[in-house]
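> I would like the atomic coordinates for the input below:
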Amino acid sequence: MTILTDTVTHLERDARAKLRTPWPYVESLADPLLLLLLFAPLAAAVGAAPDAASGSTMQWFAPGILVIMAFGTCAFIGSGLQEERASGALERIAATPTSRSAILAGRALRAALTVAVQGLVIVAVTTPLGLSFSVVGALVAAVVLTALAVGIAFLSLAAGVALGSAYAFWGVLTLAYTPLIVTSGALLPVQVAPDWLYALSRANPMAHAVDALRALFAGNLADPSIVVALATAAAMIVAGAALGNHALRHLRA
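You can find the predicted model right below:
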């Protein structure tokens with residue numbers, strides 16, 4: 001029970017700290033909403049989503065925006081550990097008897113809860129605009145999105161501990177951002193991309209999550225992309241937790 005108790009403690013601590021500065025949450029939600037309201041009509045006009053169910057571009061577009069929102073919310077949380085490392089707070093926390101896994105898990109779960117709330121907002125906004133779904137499909141989609149969010153958060157936190165400076169952290173994230181968004185297929189269908197670009201998309205966990213969410217909102221509960229998305233998210237969680245724990249054990253002031 002120690003790991004669970006420590007995780008809840010770090011979850012509460014991180015949530016209280018972040019609630020004092022809510023602007024990042026507003027920003028990470030505003031960008032996906034603006035994409036929905038401004039980019040979706042353009043996508044419909046040029047036929048970017050030829051396979052959209054019932055002719056609804058929103059049915060095709062909204063699941064991708066949910067994945068982009070999860071990435072925008074979770075990929076940056078490693079910067080918080082960079083700040084704590086610079087102030088010496090992280091070293092003091094790591095020196096306590098608390099579980100190192102809990103240090104990471106508490107923050108990752110806080111980010112996932114944020115994604116869940118933001119996801120509800122996006123679904124509420126897009127439903128009147130053409131998004132349709134079953135209750136079961138939406139619940140499974142929530143599981144897939146949450147798993148992806150936790151995986152991204154763990155990897156971001158591991159990078160935040162492992163990289164020695166904020167410049168390095170933001171440099172890596174900046175280099176990764178555009179390739180990950182483009183190959184995710186969230187904004188434009190990668191199925192019509194050149195073979196080499198489509199092959200790259202298969203190495204992007206976000207692309208599998210986009211495929212799974214589109215299938216689930218379309219009611220295809222047996223689509224194999226769902227299992228693939230969950231498996232890749234689980235691999236991200238395991239890899240992020242292992243790398244983060246290793247970095248915390250070798251933390252230097």
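> and for residue 234, the neighbour number?
13 (other CB atoms under 10 Å). Backbone N, C-alpha and C define where each C-beta goes, glycine included.
> meant to ask about residue 124
So residue 124, with other CB under 10 Å, has 10 neighbours.
> what about it, distance to residue 89?
The gap separating residue 124 from residue 89 is 37 Å, by CB to CB, to the nearest Å.
> cool, residue 152 as well?
On the measure of CB to CB, residue 152 and residue 89 end up 23 Å apart.
> looking only at neighbour counts, state which of these two leads.
residue 152 (32 against 12).
> nearest residue to the more buried one other than its sequence neighbours?
Distance criterion CB to CB, 6 or more residues apart in numbering; nearest residue to residue 152, sequence neighbours excluded, is residue 74 at 4.0 Å.
> again, but for residue 112
Residue 112 sits nearest to residue 149 (CB to CB, 6+ apart), 4.4 Å away.
> how long is stretch 71-80 end to end?
By CA to CA, to the nearest Å, the extent of stretch 71-80 from end to end equals 16 Å.
> what does that stretch rub up against?
14, 24-25, 28, 31-32, 107-108, 111-112, 114-115, 118, 149-150, 152-153, 156-161, 166, 169-170, 173, 177, 180-181, 184, 206 (CB atoms under 8 Å, 6 or more residues apart in numbering).
> state the mean pLDDT of the host helix or strand of residue 170.
Using DSSP states H and E, residue 170 falls within helix 166-184. Averaging pLDDT along helix 166-184 gives 91.
> and it, what other elements does it pack with?
Other helices and strands packing on helix 166-184, by 3 or more CB pairs under 8 Å, 6 or more residues apart in numbering; DSSP states H and E, are helix 57-74, helix 78-87, helix 135-162, helix 195-201, helix 205-217.
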